[in-house]
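Student: requesting a structural model of the entry that follows:
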Amino acid sequence: MTEKHSIAAVLAGLEQSGFVMGDAWHRAHEIAQAHEGDWQYDRLHALLHRIEGDEWNAGYWYRRAGVAPFEGSFADEAGQLRQEVR
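Tutor: This next block holds a predicted model:
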C-alpha cells in the first residue's frame, strides 16, 4: 500500500468492530506496517498490539512513536490518537 490512509477512518473501523481481532484489525495492521516510521502509524501500531494483547510489542511501537504507553481503554486511546492527528 502506497496511499496514506486516514487514521480517523482506520480508527472508525476498529471502533465499529468493537476493538477486537478481526478483519478491521488485520486491515489496520497492514496499513500501520505500510507506513512504518511515520509516528501516527507507529502509534496506531502500538494500539493494535494492545488490542492483540501483546504488551511487549505495543511498548516497542510506543517507543518508536515517541510516546508513553497508554493506560486507558482502547476507545480512549483511539480518541486521543484521533485528536493528535488532526
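
Student: now stretch 58-69: buried residues?
Tutor: By neighbour count on 16 or more other C-beta atoms under 10 Å, the buried set for stretch 58-69 is 58, 61, 62, 64, 65, 67. Backbone N, C-alpha and C define where each C-beta goes, glycine included.

Student: need those in TSV with distance to residue 10, secondary structure and pLDDT, can you?
Tutor: Formatted as TSV, the buried residues of stretch 58-69 follow (distance: C-beta to C-beta, whole Å; DSSP: H, G, I helix; E, B strand; the rest coil; pLDDT from 0 to 100):
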residue	distance to residue 10	secondary structure	pLDDT
58	16	helix	98
61	15	helix	98
62	17	helix	97
64	17	helix	97
65	15	helix	96
67	17	coil	95
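
Student: residues making contact with stretch 49-59?
Tutor: For stretch 49-59, contacts defined as C-beta atoms under 8 Å, 6 or more residues apart in numbering pick out 14, 19-21, 25, 46-48, 60-61, 69-70, 74, 77.

Student: one more pass at 10 Å, please.
Tutor: 14, 17-22, 24-25, 28-29, 32, 45-48, 60-62, 68-71, 73-74, 77-78 (C-beta atoms under 10 Å, 6 or more residues apart in numbering).
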